[in-house]
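J.: Need a 3D model of the sequence below.
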Amino acid sequence: MITALKVEVPIACFRVSRAREYAQTYPVPPPATVYGMLLSMVGEMDRYRHCGIKLAIALLNEPEKSTILRTFRRFKKKQIFDPTNARPDYQELLSDIQFIVWVASGNDNAQPRLCQRLTDAIANPETVDRFGGLSLGESRDLVNGINLLPEDYRGESLRWLVQQEDGLLTLPYWVDHVGSKGTRWQRFQLLPPSEWGQPPDNAWTEIRVE
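T.: Next up is the predicted model:
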């Protein structure tokens with residue numbers, strides 16, 4: 001089963017994992033970030049539950065990038081309001097993010113599978129038990145809309161995110177939230193716009209721990 005969703009996010013930062021004082025953003029949401037959003041959409045708290053699914057991502061536009069000055073908090077001292085725990089740093093933001101994510105069941109052995117849960121969540125949102133606003137990345141970066149696309153959707157002008165051995169983007173497809181040891185990476189390339197309406201083989205990324 002394959003499900004295609006169009007996602008619109010007004011503003012977001014997909015922070016580069018190794019960025020420190022200057023919070024750079026990836027130009028496209030990493031597969032791990034999109035997977036987290038999909039789990040939140042169906043109210044799933046166990047992020048291991050749907051390991052084995054495959055995602056394919058394509059941008060519908062080129063989001064504008066801007067830079068803001070923002071207060072970041074770092075806990076250097078135990079007293080939470082100690083002024084040394086906060087300092088201003090620059091952060092990159094993307095505006096008007098529009099993309100399509102194709103979700104294939106792949107090796108997702110849960111019942112029901114994530115594809116079915118996503119379809120059900122859109123058809124009957126009142127049956128989903130979840131909390132908080134739906135976001136892509138930081139909780140501030142709220143999703144404006146998600147629409148289910150027809151099975152025969154052929155796409156518009158799409159910028160495919162494809163796996164490429166010498167690709168310039170190293171993106172996480174699984175994030176270890178306790179430390180970085182368990183985070184898994186893959187090299188990608190963002191292709192120029194094309195009319196290729198269905199995911200090419202190298203666009204599929206399996207969400208897995210190993």
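J.: quick one, longest strand in this structure?
T.: strand 86-104 (DSSP state E).
J.: buried set for that one?
T.: Under the neighbour-count criterion of 16 or more other Cβ atoms under 10 Å, strand 86-104 has Gln91, Glu92, Leu93, Leu94, Ile97, Gln98, Phe99, Ile100, Val101, Trp102, Val103, Ala104 buried. To be clear about C-beta, it is placed using only N, CA and C from the backbone, and glycine gets the same treatment.
J.: With only the CA atoms kept, save it in CSV.
T.: What follows is strand 86-104, C-alpha atoms only, in CSV (Å, rounded to 0.1, in the frame of the first residue of the first chain):
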residue,chain,number,x,y,z
ALA,A,86,20.2,32.2,27.5
ARG,A,87,22.1,33.9,24.7
PRO,A,88,21.1,35.2,21.3
ASP,A,89,22.2,33.3,18.2
TYR,A,90,21.3,33.4,14.6
GLN,A,91,18.9,30.8,13.1
GLU,A,92,18.0,30.1,9.5
LEU,A,93,14.3,29.7,8.6
LEU,A,94,12.6,28.4,5.5
SER,A,95,9.3,29.9,4.5
ASP,A,96,6.4,28.5,2.5
ILE,A,97,7.5,24.8,2.5
GLN,A,98,5.4,22.6,0.3
PHE,A,99,6.2,19.0,-0.4
ILE,A,100,4.8,15.6,-1.1
VAL,A,101,5.6,12.5,0.9
TRP,A,102,4.9,9.1,-0.4
VAL,A,103,4.5,6.4,2.3
ALA,A,104,4.9,2.7,1.4
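J.: With pLDDT as added columns, please give the buried residues of strand 86-104 in JSON lines.
T.: Shown next, in JSON lines, are these (pLDDT from 0 to 100):
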{"residue": "Gln91", "pLDDT": "92"}
{"residue": "Glu92", "pLDDT": "95"}
{"residue": "Leu93", "pLDDT": "96"}
{"residue": "Leu94", "pLDDT": "97"}
{"residue": "Ile97", "pLDDT": "97"}
{"residue": "Gln98", "pLDDT": "97"}
{"residue": "Phe99", "pLDDT": "97"}
{"residue": "Ile100", "pLDDT": "96"}
{"residue": "Val101", "pLDDT": "97"}
{"residue": "Trp102", "pLDDT": "96"}
{"residue": "Val103", "pLDDT": "96"}
{"residue": "Ala104", "pLDDT": "96"}
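J.: Which of those residues sits closest to Arg47?
T.: Val103 (15.1 Å; Cβ to Cβ).
J.: Enumerate every residue touching the closest one.
T.: Counting by Cβ atoms under 8 Å, 6 or more residues apart in numbering, Val103 makes contact with Ile2, Thr3, Ala4, Leu5, Leu38, Ile53, Lys54, Leu55, Leu114, Cys115, Leu118.
J.: I'd like the distance between it and His50.
T.: 9 Å (Cβ to Cβ, to the nearest Å).
J.: Identify the contacts common to those two.
T.: Leu114.
J.: Tell me which helix or strand in this structure has the weakest average pLDDT.
T.: Taking mean pLDDT, DSSP states H and E as the measure, the helix or strand of the chain with the lowest value is strand 64-73, at a mean of 88.
J.: Show me what that one is packed against.
T.: Strand 64-73 sits against strand 86-104, with contacts defined as 3 or more Cβ pairs under 8 Å, 6 or more residues apart in numbering; DSSP states H and E.
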